[in-house]
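Peer 1: Build me a model from this:
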Amino acid sequence: MTFAFTLPTTSPASFAASFSSSSAPSLPSAASTRRAVYRDSLKRHKRLSPSEQTNGISSLQTTIDEYLPYLHTLDAYKTSQDVIQSSDFETEWRATLSRRSGPAEAPRVRRKGLEYEICFATATLAYTHALRARSFIQAALQSPPSDSSSTSSSEHMINQATQHMTTAASIYLFLQNRATAGERLTQQMPPDVTSSMYNALWSLSLASATLLAVLKQDPFPSIIAIQNDKNSKEWMYKAPTVPNSVKSKLLARLCMYSADMASKAAAGVAATPGSSPALQSYCGDLVKTAKAKACRFLGVDAEVSGKLGEAIGWLLAGKEILGMISAIDEDKGTLSRGLDKLKKAREERKIEKSHPEGLIAQDAGKTEEAMVLNELEKKWRKINDSVNFETIPPTSSLIAMLPRGRPIFPENQIWTPPKLSSSELVQLQNQAPNDGETDWLRADDSDDDITPVAESSVPGGFPRSQSTGYY
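Peer 2: Numbering: from 1, shown residues only. Next up, the predicted model:
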């Protein structure tokens, strides 16, 4: 439910060589020092294995939080004429959201101006919030509940993941407004720092945050995980509570809002020339997952209301949205119906044989949702074929009845850039600038291309888990 961003790396740069300040003489050199530490942390993080990166993302985020106040204070002083630019300031960043040529790494793009640095450095903070959300989701999924305390802990971790995604959304909204209002980026820029990309990432973050809020109230992934885990003893404890009719309708509307926002994100990425196809594909998968979840909750609502045939129809509509099977056409001949059943059975066996770790990491949760739909359909069809004998409505009529989405988080929450405190500014005003820079500040970045041997991982969707439990 959160995209697995690849963090960019950057070249060495010195603010002191391009900027000077009369009110805070040591501000440019102090910003250069903080940036060097930040750059070194990004390089070290890139060389770690995926599991080590997950554990170290919190430390990296702390380093970013320590650098950004200096950067945004320098920008504020420049705007107020307290900082004078004496020469061109130029930096190079690896554009990780740009289209790649073959298996090669994302291109490195060098551009002039302080705005370029602000956009990339601040957006990287949003990426780390999304990655921290993934780490919290992973922790929640690895600890299936066996008592009330475990359940509370999992819900707390999902809440933390949701907060990180809403924070990321507010950062993207800040960058979008800055890019739109200021129009400071006059050069041709990589897709990563364009207004359309920020708008797409803002929509994607809100879509992910909304689905995380639904996940906390959704018992079915946990039920299916317990049923398919031969080593699980969760059935001996308290069974998850199935949502009632009213709650199911609300969750369906939240899922539809997530689908709408993910659709906007997919359109925004597609409208950004040179953007990453992987990101666009992920947005499209998230649209399907969210709509399929909405169909499932509407099916639960119908089943609770005693309309079992309609409930099964909603499950088939969800599977059709996921692209698993075509709608069942009762007018087909016997041979065609037999081929449809054979195709359906083959898809179900493929999902059931999938390794649990793979289910948690694929396609924005598409496979996981397909597994839930399959299990519910088996259960409800067995009852309907032996007791109810209700007619299953066509999926086309049900899909046309999908409700409008309902937001749960504010859309106008904008991140406030951090600035240095008054005491820190006083210290910089009284401190002489450091004209000499050490070798590590001007260090060569030729080893930036060194990457570790990656563990099996799929960008986007759920992070891989060591357990079959969902939460």
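Peer 1: now for stretch 138-155, what's the gap between its first and last residues?
Peer 2: Stretch 138-155 stretches 12 Å from its first residue to its last (CA to CA, to the nearest Å).
Peer 1: Packing partners of the host helix or strand of residue 311?
Peer 2: According to DSSP states H and E, residue 311 maps onto helix 308-322. On a contact count with 3 or more CB pairs under 8 Å, 6 or more residues apart in numbering; DSSP states H and E, helix 308-322 meets helix 277-304, helix 366-383, helix 395-399. All C-beta atoms are positioned from the backbone trio N, CA, C, and that covers glycine.
Peer 1: Go ahead and produce CSV holding the CA coordinates of the last one.
Peer 2: It refers to helix 395-399. Output of helix 395-399 as CSV, limited to C-alpha atoms (Å, rounded to 0.1, in the frame of the first residue of the first chain):
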residue,chain,number,x,y,z
THR,A,395,-21.1,-7.7,-12.7
SER,A,396,-21.6,-4.9,-15.1
SER,A,397,-24.7,-3.7,-13.3
LEU,A,398,-23.0,-3.9,-10.0
ILE,A,399,-19.9,-2.1,-11.0
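Peer 1: How far does it sit from its chain's centre?
Peer 2: Here helix 395-399 is found 30 Å from its chain centre; the criterion is CA atoms, centre = their mean, to the nearest Å.
Peer 1: How about residues contacting the next helix or strand after it?
Peer 2: Using DSSP H and E, the helix or strand that follows helix 395-399 in sequence is helix 422-430. The contact list for helix 422-430, computed with CB atoms under 8 Å, 6 or more residues apart in numbering, reads 23-27, 30, 69, 73, 420.
Peer 1: who wins for most neighbours among those?
Peer 2: residue 27 (27 neighbours; other CB atoms under 10 Å).
Peer 1: OK, contacts around that one?
Peer 2: Applying CB under 8 Å, 6+ apart, we find residue 27 in contact with 21, 70, 73-74, 77, 83, 428.
Peer 1: If we only consider the residues you listed, which is nearest to residue 292?
Peer 2: Distance to residue 292 across the contacts of residue 27 (CB to CB) is lowest for residue 70, with 45.7 Å.
Peer 1: thinking again about what came up before, most tightly packed of the helices and strands packed on helix 308-322?
Peer 2: With neighbours taken as mean count of other CB atoms under 10 Å, the helices and strands packed on helix 308-322 reach their highest mean count in helix 277-304, at a mean of 24.
Peer 1: Now do that helix: distance to the chain's middle.
Peer 2: On CA atoms, centre = their mean, the centre of helix 277-304 falls 15 Å from that of its chain.
Peer 1: Give me the mean pLDDT for that helix.
Peer 2: Here helix 277-304 scores 94 as its mean pLDDT.
Peer 1: could you give the angle of it to helix 366-383?
Peer 2: 20 degrees (axes from the mean of the first three to the mean of the last three CA atoms, to 10 degrees).
Peer 1: Check which helices and strands helix 277-304 sits against.
Peer 2: Right, helix 277-304 is packed against helix 195-216, helix 245-270, helix 308-322, helix 366-383, helix 395-399 by 3+ CB pairs under 8 Å, 6+ apart.
Peer 1: Make CSV from the ones you listed and add mean pLDDT and distance to residue 297 to it.
Peer 2: As requested, these are exported to CSV (pLDDT from 0 to 100; distance: least, CB to CB, whole Å):
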stretch, mean pLDDT, distance to residue 297
helix 195-216, 95, 8
helix 245-270, 93, 4
helix 308-322, 94, 8
helix 366-383, 89, 11
helix 395-399, 93, 13
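Peer 1: Would you mind giving those as JSON lines with distance to residue 51 added?
Peer 2: Output for those, formatted as JSON lines (distance: least, CB to CB, whole Å):
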{"stretch": "helix 195-216", "distance to residue 51": "22"}
{"stretch": "helix 245-270", "distance to residue 51": "28"}
{"stretch": "helix 308-322", "distance to residue 51": "30"}
{"stretch": "helix 366-383", "distance to residue 51": "21"}
{"stretch": "helix 395-399", "distance to residue 51": "40"}
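Peer 1: of all those, which lies closest to residue 100?
Peer 2: Among the helices and strands packed on helix 277-304, the nearest to residue 100 by CB to CB is helix 245-270 (14.6 Å).
Peer 1: Is it correct that residue 126 is in contact with residue 168?
Peer 2: Yes. In this structure, residue 126 is within contact of residue 168 by CB atoms under 8 Å, at 4.3 Å.
Peer 1: overlap in contacts of the two?
Peer 2: 201, 205.
Peer 1: Report the inter-axis angle for the longest helix anywhere in the chain versus helix 195-216.
Peer 2: Determined from DSSP state H, the single longest helix within the chain is helix 148-182. Angle, helix 148-182 to helix 195-216, by the same axes, to 10 degrees: 160 degrees.
Peer 1: and residue 348, what pLDDT?
Peer 2: For residue 348, the model assigns a pLDDT of 52.
Peer 1: do the one 10 residues further on as well
Peer 2: Each residue has a pLDDT score; the one for residue 358 is 39.
Peer 1: residues near residue 91, how many?
Peer 2: Neighbour count for residue 91, taken as other CB under 10 Å: 20.
Peer 1: likewise residue 426?
Peer 2: 12.
Peer 1: now residue 422
Peer 2: Neighbour count for residue 422, taken as other CB under 10 Å: 8.
Peer 1: what about residue 116, distance to residue 89?
Peer 2: According to CB to CB, to the nearest Å, residue 116 and residue 89 sit 9 Å apart.
Peer 1: quick one, which of these two is more surrounded?
Peer 2: Per other CB under 10 Å, whichever of residue 116 and residue 89 has more neighbours is residue 116, with 23 against 20.
Peer 1: which helices and strands does the host helix or strand of the more buried one pack with?
Peer 2: Element membership of residue 116, judged by DSSP H and E, is helix 114-141. Using 3+ CB pairs under 8 Å, 6+ apart, the elements in contact with helix 114-141 are helix 50-79, strand 90-94, helix 148-182, helix 195-216.
Peer 1: now the angle between helix 114-141 and the third one, please.
Peer 2: Using the same axes, to 10 degrees, the direction of helix 148-182 lies 160 degrees away from that of helix 114-141.
Peer 1: Who are the packing partners of helix 148-182?
Peer 2: So helix 148-182, by 3+ CB pairs under 8 Å, 6+ apart, packs with helix 114-141, helix 195-216.
Peer 1: Kindly reformat those as TSV and extend each row with distance to residue 410.
Peer 2: What follows is the helices and strands packed on helix 148-182, written out as TSV (distance: least, CB to CB, whole Å):
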stretch	distance to residue 410
helix 114-141	17
helix 195-216	10
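Peer 1: right, so those: which one is the most enclosed?
Peer 2: Ranked by mean neighbours (mean count of other CB under 10 Å), these are led by helix 195-216, with a mean of 26.
Peer 1: just how off-centre is that one within its chain?
Peer 2: On CA atoms, centre = their mean, the centre of helix 195-216 falls 7 Å from that of its chain.
Peer 1: and it, what does it pack onto?
Peer 2: helix 114-141, helix 148-182, helix 245-270, helix 277-304.
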